[in-house]
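> Need a 3D model of the sequence below.
(2 chains)
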Amino acid sequence: MVFKPVTSPHRHAALSTAKVMQWVVAALIPGIAVLTWQFGWGTLINIVIATATALICEAAIVALRRRSVRFYLQDFSAVVTAFLLAVALPPLAPWWLVVVASASAIVVAKQSYGGLGYNPFNPAMVGYVVVLISFPLEMSSWLTPVALLPTELGHAGVVEALAVVTGSGGIDAWSGATPLDLFKHGLNGQLVSDFYANTTLFSQAAFAGVGWEWVNLAFLAGGAVLLAKGIFTWHAPLAMLSSLAVMAIVFWDGGSSNSGGSVWLHLFSGATMLGAFFIITDPVSSAVSVRGRLIFGALIGVLIYLIRVWGNYPDGVAFAVLLGNFAAPFIDNYTLPRSYGHQRAKRATELPNE
Amino acid sequence: MRKVWETPGGIHPAENKAQSVTRPIGYLPLPERLWVALNQHAGPAAKPLVAVGDDVLKGQIIARSEGDRGTALHAPSSGRVVAIAPRAIAHPSGLPAECIEILCDGRDQWIDLYPIENYRNTEPSALLDLLAERGVAGLGGAGFPTAIKLATDRPTELLLVNATECEPYITADDSLLRERADQLLQGIDIASYLLGDPAERIIGIEDNKPEAIAALRAALAARSDQLPAVELAIFPTKYPSGGEKQLIQIVTGQELPSGALPAQLGIVCQNVGTLYALKRAVVDGEPLISRITTVTGKACTINGNYETLIGTPLTDLLTHSQLDPNRLERLIMGGPMMGIALPDSDLPIVKTSNCFIAADNTEVAPEQPAQPCIRCGLCAEACPATLLPQQLFWHAQSQQHDKLEAHNLFDCIECGACSYVCPSNIPLVQYFRAGKGEIRQQRAEKAKSDFARERFEFRQQRLEQQERDKQAKREARKLAAQQAKEAQSEASAPADSAAALIAAAQVRAAARTASPEQQREKLTRAIASSEARLQRANEKVTEAQQSGCDDATLQPLLAAQASAQQKLTQAEAKLAELSADPGKGPSPAPTQADSQSPEIDAASRAIAKARATAAAREALSPVEKIAADLAALNKRVEKLRDKLAACEEAEQRELLASSLAKLEAKQASLQEQQRALNNGI
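Below is the predicted model of the structure:
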């Protein structure tokens, strides 16, 4: 009996990268379900197109690199990127939009840097930003939530939705602005309370915009499950939500016509909860240490508020996340933990004999 | 209850300890052969003290490490040494090591033991020497010689006893505590005495060993109040709490500064197995020849602890535990987190073999290829030293050694917690071990090249200095030659005749000659010494004449007297000459007293001596002359006789015999002449 030399440790915790990714996808399901309920089949169609594109692109690049396609695809990371992108894009977006977004996310933002683990920017956000800037019209064509549609209309059926997506139909019957978009461009000198009373999207809502508030709550629930499972730590999401809330509270002037929006609006509309629990927790592009993650999350929260209120775009999560990714190595340099036996934490760039 | 602190990080793997403590500590039947490896301890390998073919008794010392209090190795059973040869041992490198092979004779006969009941009557240094002599080493893992560890020159505040055994599967310390807690306490007392009775003695133990804790509590309660107190510190189970640094943090809340030893904080850590061995060595007088080893794993039907002899082949242990080879997936020495996977079972037990796991395929992780690091940070959460394993991995992959050191690579205790939790199956600890090895090698090479550079620079300096010295000498000689030339241009002798050479040399000597005052001083001294010599010679002659000795001894004394007289007259003449003509240097034929050129000195000395002896001979009467000749000849004959007696070669004997015959003939003729002269007088 002769054995191959194997290094310690000889046992392993049950978690694997594929399992982590599968849990993330599983936690997205409540949010996807609510999106489908509120806005129809568009989200699911997006998911199918995005996933297919992502897997095909990744397989192609991996084959070009002459690696094992099966090994690199089975870690589920491309699927997660596709799901996040599909959820972020407008439902019933044209199929080519989804393809472009997905392809640029996988090929440009992930594989061209070396694949999983090497990308400095969040791939889903890169894909989103590419199409947001390239196709602003299509990217601002959102849908009305089902509660506000005429009862006999309902959302498009599958066939109709597919027709819209492939370009042979229009979405005018169902189109509607998002709460953030409405708030930014529709305030027009009214007081916030008046604006809320005059806009059905807000007047019929519980606290932050019909339909969208449930979507965000669903993503919050999914994120809580991931936290409980230990897929990521609480530092980045809590920091982002807290700093966004603090910014909203600090700059709340009581609801004047110039206000940036209430705390509830900011926390429960747009991509806030998705961003907090699924986007900024992408471990590859975020900060390394827990102190670093606190700063990273806080920075992103502040940037989201800045872009939403004083920037050009109604929702600033994607840009804020990318700016945070830029800052992550810098944050890492100053937030290394203090190791056992040392008096103070070092800088990452502090070499010995200096 | 003693207060305990919590360490950061850590993991909670499945313990798997229950299956190996269901029965008491067992004993194996005596093996047929034992292999005692010579490099079992931390430090240099031991040198064997026995040779092949020697009979040894159980407990007899068979090897010792060099150095102050280097540990010793002993024969685990009586028998005969049949080989001292390299063979495979359980080391991660897989390299073979020298082992002393003992064929057991089955009698298991002990040497005479010398137990020490009242160790407090022995000086601590003598006890430490005893410990080294009896081979007590650290049984917790590294095998560091205990005598060196306990001989700390700093004052010790705390003796920390490590009963943690945090790795899964291992229950060797647990079973020791359950059955032999009172002996452990004795060992603690001995260690405490050797450390100068520190202020505190604390046993650190995890809470997953309730039976061991109960046994310890019972032993502590039964302990005499006269003895110094031993406290129990019980803390929650977490891997790795048993590491020295972590245990210190848990029990005292202090952190060991990076690169420091616990002794610098006044703390000495010892494993319970080591302290038990300490007790056996001192109180029972037994050298360390056995230890408690756990054999566990699903591939073995029987899981348990055994007091095994050092050098027992692992196959014996496994056979006794009813190993099923078909189920065996991996053989691990140590625990599953830090243990070594063994290539096969044909290996001998060493002092640090605390556990063997015969794992089947459900107990070990199948080897999987590593996926890319997703920077999830689970490794940093698990690290007990609060390092960033993912950054260390990043830099280890790209071999950026300076960044590795910046991220405190050498603070890693290689516990394996990071690799355990990594979702991408990256063998992080192996990367860190490789990184550490590369950095150490670089440091060694740098030290070597620094040293070589220093030597080279020094050599360059030395050569330059030599060049400068040579240059200076050349200049001086040139100058002297110029002066000599100028002096010689007055002389008429041609440059290339021998006489001219001598003259030139004399002129050189003259150029270096001393001033007239110095010469006069020298001559005065020479005169004084010659007078003294003459006086002594005179005394000797008169004494000999008065005591009436024969001519043979008298003649040499007379000759000495004459030469002393001659020397004195020469020196006086010299002085007179100098006084008469102070400007003139010494005469062209300089004598011994004032010539300074060494070649001229030797030659002139020889000449002078010859002249002196010739003058002395002339001064002698014919009788004295013959006597002196005869004396010299007698001496030569004696010498030749001795030579002949000592010589053994036939040819040389012939030659010597013939020359002896000639000399004797001459001797006879001289004696004839002497008689004739004497008769004539």
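> Tell me, please, where in the chain the pLDDT is lower than the cut-off.
I went with chain A, as the question did not name one. For chain A, the stretches with pLDDT under 70 are A:353-354.
> I was after chain B.
Using pLDDT under 70, chain B drops low at B:490-500, B:511, B:513-516, B:549, B:580-600, B:603, B:619-620, B:680-681.
> quick one, what contacts the residue lying closest to residue A:156 once chain neighbours are set aside?
Of all residues not flanking residue A:156 in the chain, residue A:40 sits nearest, at 5.5 Å (C-beta to C-beta, 6 or more residues apart in numbering or on different chains). Just so you know, the C-beta spots here come from the backbone N, C-alpha and C atoms, and that holds for glycine as well. By C-beta atoms under 8 Å, 6 or more residues apart in numbering or on different chains, the residues touching residue A:40 are A:91, A:92, A:143, A:146, A:155, A:156, A:161, A:174.
> Quickly list what the third one is bridged to.
With DSSP bridges as the criterion, residue A:143 is bridged to residue A:175.
> burial of it, as a residue count?
Number of residues near residue A:143 (other C-beta atoms under 10 Å in any protein chain shown) recorded here: 26.
> Can you verify my assumption that it contacts residue A:91?
Yes. Between residue A:143 and residue A:91 there is a contact at 5.5 Å, judged by C-beta atoms under 8 Å.
> which residues do the two both contact?
A:39, A:40, A:42.
> nearest to residue A:3, of the residues you listed?
residue A:42 (56.2 Å; C-beta to C-beta).
> What is the burial count for residue A:152?
Neighbour tally, residue A:152, other C-beta under 10 Å: 5.
> how much space between it and chain B?
Separation of residue A:152 from chain B (C-beta to the nearest C-beta, to the nearest Å): 49 Å.
> Following the chain past the lengthiest helix in chain B, name the next helix or strand.
When chain B is parsed with DSSP state H, its longest helix is helix B:428-488. Next helix or strand after helix B:428-488 toward the C-terminus (DSSP states H and E): helix B:498-511.
> quick one: that next one to helix B:428-488, angle?
Comparing the axes of helix B:498-511 and helix B:428-488 via axes from the mean of the first three to the mean of the last three C-alpha atoms, to 10 degrees yields an angle of 110 degrees.
> tell me which residues in the one helix or strand residue B:656 maps to are buried?
Secondary-structure assignment from DSSP H and E places residue B:656 in helix B:650-680. Within helix B:650-680, the residues scored as buried using 16 or more other C-beta atoms under 10 Å in any protein chain shown are B:656, B:660, B:663, B:667, B:670, B:674.
> one step back: between the shared contacts of residue A:143 and residue A:91, which is nearest chain B?
Each of these was checked against chain B using C-beta to the nearest C-beta; the closest is residue A:42, at 30.3 Å.
> List the contacts of residue A:231.
Residue A:231 touches A:20, A:23, A:24, A:281, counting by C-beta under 8 Å, 6+ apart.
> what's the closest non-adjacent residue to the residue of the stretch 201-350 of chain A found nearest chain B?
Residue of the stretch 201-350 of chain A nearest chain B, by C-beta to the nearest C-beta: residue A:341 (3.7 Å). The shortest distance from residue A:341 to any non-neighbouring residue, by C-beta to C-beta, 6+ apart, is to residue B:258 (3.7 Å).
> what does residue A:92 give?
residue A:42 (3.9 Å).
> so the one you found touches residue A:160, yeah?
No. At 10.6 Å, residue A:42 does not count as touching residue A:160 under the criterion of C-beta under 8 Å.
> the more surrounded of the two?
Taking other C-beta under 10 Å, residue A:42 and residue A:160 do not tie; residue A:42 has more neighbours (25 against 17).
> What is the nearest of the contacts of residue A:40 to residue B:467?
Using C-beta to C-beta, the contacts of residue A:40 come closest to residue B:467 at residue A:91, 90.9 Å.
> ok, the closest one - how many residues close by?
Neighbours of residue A:91 (other C-beta under 10 Å): 27.
> Contact partners for it?
Per C-beta under 8 Å, 6+ apart, neighbours of residue A:91: A:35, A:39, A:40, A:41, A:42, A:43, A:45, A:46, A:142, A:143.
> Skipping its backbone neighbours, what lies nearest it in space?
residue A:42 (2.5 Å).
> can you confirm residue B:99 is in a strand?
Yes. Counting by DSSP: H, G, I helix; E, B strand; the rest coil, residue B:99 is found in a strand.
> Any figure for the gap between residue B:609 and residue A:189?
136 Å (C-beta to C-beta, to the nearest Å).
> hang on, the earlier thing: nearest to chain A, out of the buried residues of helix B:650-680: which one, please.
Among these, and counting by C-beta to the nearest C-beta, the member closest to chain A is residue B:656, at 76.1 Å.
> re the thing from before, as CSV, the contacts of residue A:91 with distance to residue A:57 would be great.
Putting those into CSV (distance: C-beta to C-beta, whole Å) gives the following:
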residue, distance to residue A:57
A:35, 24
A:39, 26
A:40, 27
A:41, 24
A:42, 22
A:43, 21
A:45, 18
A:46, 16
A:142, 26
A:143, 27
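> For the residues you listed, give me TSV that also has secondary structure.
TSV is the format used below for those (three-state DSSP):
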residue	secondary structure
A:35	helix
A:39	helix
A:40	coil
A:41	coil
A:42	helix
A:43	helix
A:45	helix
A:46	helix
A:142	coil
A:143	strand
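> still on that earlier bit, let me know the secondary structure of the residue of the stretch 201-350 of chain A closest to chain B.
With three-state DSSP as the criterion, residue A:341 reads coil.
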